[in-house]
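Peer 1: With the sequence up front, the predicted model follows.
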Amino acid sequence: MKPTGILFFPAFDWAISPTHPEREERLLYTRDQIFEEGIMDLPQIREYEPGIASHSDVARLHFCIPDVAAQVTEAHLISAGSSLRIADAVMQGEVRNGFAIVRPPGHHSMTVSHGNRGFCNINNEAILVEYLRHKYNIKKVAIVDTDVHHGDGTQEIFWDDPDVLFISFHQDGRTLYPGSGFLDELGGPLAYGTTINLPLRPRTTDTGILYALDELIMPLLDEFKPEIVINSAGQDNHYTDPLADMAFTAQGYAKLNSRLAPDIAVLEGGYSVETALPYINMGLIMAMAGMDYSSLREPDFNPVRFQESSGNLEYIKQMVDRQLNAFRHREEVINANRKKGDDFFKSQRSIFYDTEYISEDQRISLRNCNKCGGFRIIDSSAQHHDGKYYTAYCISVPFWACDGCQQEARSLYADVLRKTPNRQVFLQDRPANQFRCYDVETEKETIL
Amino acid sequence: MLIGIDVGGTYTDGVIFDQGEIKASTKASTDSEDIKGSVLRVLEQLLGARNPQDIQRVVLGTTLVTNILATGRGEPAGLLLLPGYGLPHDAYSISPHTWYLKGAVDFRGREIEPLDQKELAEALRAISAKGLSRVAVAAKFANRNSKHEQEIREYILENYPDIKVSISSEVSGKLNFPRRAVTTYFTAMTLSEWNKFADEIESALQQRGIDTSADILKADGGTVSLASSRIMPCETVFSGPAASTMGALALNRDKLNSVVIDVGGTTSDISLIIDGEPLYAAKGAVIENHLTHVNAFAVRSLALGGDSPIIVVNGIPELSPIRQGPAACFGGQVPTVIDAFNIHYALNIGDAEASQVKLASMAGDHALSLDQMTAVIVEKVTERLMKAIEEMFSQWEKEPAYKVWEVIHRRKFELQQLIGIGAAAEAILPPLAERMGVHLFMHKYSAVANALGASVVRPTLSVQVHVDTAANICTIDPGGKQAPLPQGAKTQLEDVKALACKYLVGIGGERGMGDYTGEYKFFMQEQFNTIRGYSGSGKLFDVGVQVKPGFIKEYKGVRS
């Protein structure tokens, strides 16, 4: 059997700030544990060296305002690039599956990036999905977000993409950052049902989470038939996490990954650096490598400490039934939306960047297309922490957009840059793998 | 006068080196059943009529430990493993006599679970019943807290005074429990035979009136005194490649990126020198298919040497890995690699006529022309060596990196020269150097560079300290001793560096390194703030300091 690829990049010289949860120490004990176990020496494991994502890999997914260099540090490019490195190893058949144990994380980062949100600047898994499409012509992807926080960035990015099934289970948004991820967030008008959220009550245990896995996530995957399954592998559902309040264990995480069998896992959050991460990461590696993890446990593990209440289990069952039903009727809803919609579906929203105190306003238009999921326009404005006001008109053409959408988006870009009130106009032309940005003031266009 | 002796698999080489010149050299077959005898024969030949009082230094590189382990002559030892809660027990297949015990500590050295005395007593009863008189003990994270290993040793000393114990925390302080367990186990198995060898060498030198004690060449390219080699005999493995790599450096001391190729009779060993310093194997030496904590050069061995016989398979000339004696030009029965190069490049080595006859006859049998035959062999040899070298480069470039700085400053190997070592290098390497477009450095002493290298390398020592200020503990490797911090919670990186130097000088002194400990360099300086809640609770430091491989002060280079 082929080995499991592991890429360990703890960024021992990078932190948001010295005492921030996202600091150098975060993966130190994980390093100690996996190195002491000698896991990288095992024939079941192949260790990979970090990669560096290019600016064009980032621009394929994000609109970085004013440019990629302003939003990423080298650490971000390595974290994203390492996810791509593992993806290459999987796609080229060198390994059976792969786990990128990398930081900084990415799943709160959205399509437009004005700054850091929820410890994230750029979205590692989402960059990975567009890379898989560009390089390997992959169409259907499932992302299962197992972080305790709702993966709102990933959700927003694939909200209008019918070929990405995004499933997130997390601690209920009424009790935890970012305060979203409710049952009725099911996707955009032409991609309804391929966004599935499962907000769990605080202190949900292994039993509850594994029930959701077996009864909701696995059936969804069976029916959606993705070419690739990605685990957006947060580790903060753990009972010792200082920022959340769930009761998941290292055994629970290992079981989840062994049943989910993701092709690629990418580390997200998880801030119990001593009492959870070393053990969860071991569990994930062992599960993905098909090894016996039954003797793995946390030092203070007590098998009878967390018991799922029958009330909570019943609550989860009801949510599971409701979400399965929504997924199974998605085509009807999408067809109805297409019929009743105008040329463009329009919406607007505000986004708050908690790490950097930035407030962004967005007006969004999605082309109502009967051949594909439509192309998307985000008209965005925000005041950055440097005091400057940034405005951008962002046109995003999906990799799998129909010819009509592709042509219309390209001519819209040519048209808009002559009359826009915005400072910048972007054309993210994924089918052509060309990422244009026109600066209205300097009249200069940069192409990545 | 300095004596260097390198015991290889096939031959034992020796030189007497003095005033920048080799005064005598000798080569004898190695008797793998009697390595001490092989060493002494070569020593005898070198000494000849010389005054033993003139010998200032004797350095030995030997295959004894490799040999003991490879031939199963090691002393049977029991292995007690305390793997804690992680990998399943079947992940460790080290010894047929393995017992698993409860008892665990974590990465900060905190006890998670105590020893189970009843279980320990049972294991020892079984070990004793099997008649094993050696035990190796390895506990996970014993390098952070060796309490359980110490308790087990005390228990054995008290209850089974005839059983000798080796514990892993004294063998290595590095992370990687399986490698530590293997290294401890091999240490236990080879210790008594190594000690016997050391005793015999000591008394043999005395008998011959040689005043100085012997030094032993280690896998890391440095020496250790014979007395100190008794602590960890495993360090003496792979002294052959260490000798030739250091020999290459002794002959060419430019700070360049070089590939050293030691072309022997049956194998070629390839090692890398980066900016004048030999490259180490990232994962430690592989002994008997197990990764260990023995620090060794990164060496790739190919089953391809000057004496590799030529065979024809399905009409195509090929190389056989099994030596059948010397080349035809040196009186051998079958044509070999040397013969092919001899004819192809008209090198006129030995009896060139014999090369010609044997090759032509083999070519004729398979309807090949002599030219075709030699051209194919030259191409194959060159191709295989080049492929191995390129793989080594890319492996080095692809080493994992754990810091942003390391990834951004990604290294690229830019080759500046080949250094040829060994008797057959001069014949075989020129086409390779030409193909790779680099200069080939050869020296009149290339053929005996290994023994020369052994005679002039200096002692090495590497010391690592792990400091946890919250626990007020400093752990020292080698030895595994723990001590409180002189500066307590206020300890800073500079304090830890000073501490590491203090231990380097102390341990070096105990091991007879003299003032070489003054020539240290730091190879690791890590510090982490440990934050609990929103404020600092302490610091963790890992500092490594070493005396790198190099040459003794007396060595000023060779006379050209």
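Peer 2: It's in.

Peer 1: Which secondary structure state is assigned to the residue of the stretch 101-250 of chain A found nearest chain B?
Peer 2: The stretch 101-250 of chain A approaches chain B most closely through residue A:242 (7.9 Å), counting by C-beta to the nearest C-beta. C-beta: built from backbone N, CA, C; applies to glycine. Classification of residue A:242 using DSSP: H, G, I helix; E, B strand; the rest coil returns coil.

Peer 1: What distance do you get for residue B:209 to residue A:28?
Peer 2: Taking C-beta to C-beta, to the nearest Å as the measure, residue B:209 falls 57 Å from residue A:28.

Peer 1: Same question for residue A:195.
Peer 2: Between residue A:195 and residue A:28 the computed distance is 35 Å (C-beta to C-beta).

Peer 1: Between these two, tell me which one has more neighbours.
Peer 2: Neighbours were counted for residue A:195 and for residue A:28 using other C-beta atoms under 10 Å in any protein chain shown; residue A:195 has more, 26 against 21.

Peer 1: Need the pLDDT of the nearest residue to that one once chain neighbours are set aside.
Peer 2: In space, and not counting its chain neighbours, residue A:195 is closest to residue A:187: 3.8 Å by C-beta to C-beta, 6 or more residues apart in numbering or on different chains. pLDDT for residue A:187: 97.

Peer 1: which residues does residue A:187 contact?
Peer 2: Residues near residue A:187 by C-beta atoms under 8 Å, 6 or more residues apart in numbering or on different chains: A:159, A:160, A:162, A:193, A:194, A:195, A:330.

Peer 1: Next, format these as CSV and append pLDDT and secondary structure.
Peer 2: Below are the contacts of residue A:187 laid out as CSV (pLDDT from 0 to 100; DSSP: H, G, I helix; E, B strand; the rest coil):
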residue, pLDDT, secondary structure
A:159, 98, coil
A:160, 97, coil
A:162, 97, coil
A:193, 98, coil
A:194, 98, coil
A:195, 98, strand
A:330, 97, helix
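
Peer 1: Among the residues you listed, name the buried ones.
Peer 2: Buried members of those, counted by 16 or more other C-beta atoms under 10 Å in any protein chain shown: A:159, A:160, A:162, A:193, A:194, A:195, A:330.

Peer 1: mind listing the helices for the stretch 151-300 of chain B?
Peer 2: Ranges of helices within the stretch 151-300 of chain B are B:168-171, B:177-207, B:239-251, based on DSSP state H, counting those that start in this stretch.

Peer 1: quick one: which of these is nearest residue A:139?
Peer 2: Residue A:139 sits nearest to helix B:177-207 of all the helices of the stretch 151-300 of chain B, at 42.6 Å, using C-beta to C-beta.

Peer 1: May I have the phi/psi pair for the residue nearest to residue A:195?
Peer 2: Residue A:187 adopts backbone torsions of phi 120, psi 170, taken as degrees, to the nearest 10.

Peer 1: One more: residue A:197?
Peer 2: Residue A:197 adopts backbone torsions of phi -110, psi 150, taken as degrees, to the nearest 10.
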